[in-house]
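Peer 1: Below: sequence and its predicted model.
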Amino acid sequence: MNRNRMMIGLGLALVVAFLLSSFVYQQFQKASNRVAAVPTQQVVVAARAIPLGTRLDASMLRTISWPDADPIAGICTRIRDCTNRALITSVAENEPIIESKLAATGAGAGLAATIPEGMRAMSVAVNDVVGVAGFVTPGTMVDVLVTGAVAGPSTGGGQNITRTILENVRVLAAGQKIQQDQGGKPQTVPVITLLVTPEDAGKLAMASTEGKIQLALRNTVDKDAAVPAPVMQASLFASDAPAPAPVAVKHTMVRKEAPPPAPAPYQVEVIMGSKRETKNFSDQ
């Protein structure tokens, strides 16, 4: 009898445990369903890192879920709205694609698609020194300095001058091209492409043709114009030390010696018969 009661109690305990576990499981399921019920939308992101100027196709893009409560201004929600359009800036993998990063439809691809309206892209040949030892890369900002000779009496007769002609210029591309040296042999020359206005393009062309240009790398957040004064060759290499004092010349007294005595005249005795006469003759 006692054994039957124990079996009945054990069975009731198992039934109660099963009911409690089912209740807990259902509550967890309801909580999970509430989290999944957050409204989302599909947004377009880059499937891999893509450089600027690339014309996008569907294989370069994918969509992910994005909460509706945290919208991104200008975000693209359909892949077909992004295809056949070029990037005007580089994007990283999984970076959202927004309208401000895309060129206009029909703008083409490559560097031309990255040039805003009213601006120009101009390339200049540089060397490792002018190119700031390879630190001038696409997206960096530079100042352009030029050094040349200026004729005229106000400049001291054609002395050199260094002037900053462009400030806060964006580098669009940095590459290399092949050109011939003076002997006709091909050589690799670094080339920097800058984004300038039409007026600044004329200044850059004159500077690279008639003078020597130098790039100065600047911080991308430093957008203030410094407007530095030109540097003249005379002011840079002029000596600030006082002129040396004249050397005093010590005068010494020179004793004048008496002239040598005149040689004594020689005498000749002349005998004429009984008469004798002595005559003096000088040797001069």
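Peer 2: Looks like it arrived, so ask away. Numbers count the residues shown, from 1 in each chain.

Peer 1: What separation is there between residue 120 and residue 109?
Peer 2: Note on residue 120: its distance to residue 109, by Cβ to Cβ, to the nearest Å, is 18 Å. All C-beta spots, glycine's among them, are computed from the backbone N, C-alpha and C.

Peer 1: same question, residue 41
Peer 2: Computed as Cβ to Cβ, the residue 41 to residue 109 distance reads 29 Å.

Peer 1: Mind checking which of those two has more residues around it?
Peer 2: With other Cβ atoms under 10 Å as the criterion, residue 41 and residue 109 differ in neighbour count, and residue 109 comes out ahead with 16 against 13.

Peer 1: So the more buried one: helix, strand or coil?
Peer 2: Residue 109 falls in the coil class when you classify it by DSSP: H, G, I helix; E, B strand; the rest coil.

Peer 1: Tell me where the protein has strands.
Peer 2: Counting by DSSP state E, the chain has these strands, from start to end: 40-46, 61-67, 120-125, 141-149, 160-180, 186-196, 212-218, 231-232, 266-272, 275-281.

Peer 1: Map the structural domains onto the sequence of the chain.
Peer 2: Here the domain assignment for the chain is 40-113, 119-237, based on automatic domain parsing.

Peer 1: quick one: terminal-to-terminal distance for the first one?
Peer 2: In other words, domain 40-113. Counting by Cα to Cα, to the nearest Å, you get 33 Å between the two ends of domain 40-113.

Peer 1: Numbering from 18 from now on, please.
Peer 2: With the count now opening at 18, the last piece we talked about shows up as domain 57-130.

Peer 1: now that domain, how far from the chain's geometric center?
Peer 2: Shown here is domain 57-130, whose average C-alpha point lies 28 Å from the average C-alpha point of the whole chain (Cα atoms, centre = their mean, to the nearest Å).

Peer 1: just to revisit the earlier point, for my notes, please list the strands of the chain in JSON lines and give mean pLDDT and distance to residue 97 for each entry.
Peer 2: Listed next are the strands of the chain as JSON lines, based on pLDDT from 0 to 100; distance: least, Cβ to Cβ, whole Å:
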{"stretch": "strand 57-63", "mean pLDDT": "92", "distance to residue 97": "10"}
{"stretch": "strand 78-84", "mean pLDDT": "92", "distance to residue 97": "10"}
{"stretch": "strand 137-142", "mean pLDDT": "86", "distance to residue 97": "30"}
{"stretch": "strand 158-166", "mean pLDDT": "89", "distance to residue 97": "35"}
{"stretch": "strand 177-197", "mean pLDDT": "77", "distance to residue 97": "29"}
{"stretch": "strand 203-213", "mean pLDDT": "72", "distance to residue 97": "30"}
{"stretch": "strand 229-235", "mean pLDDT": "87", "distance to residue 97": "40"}
{"stretch": "strand 248-249", "mean pLDDT": "84", "distance to residue 97": "56"}
{"stretch": "strand 283-289", "mean pLDDT": "68", "distance to residue 97": "139"}
{"stretch": "strand 292-298", "mean pLDDT": "71", "distance to residue 97": "139"}
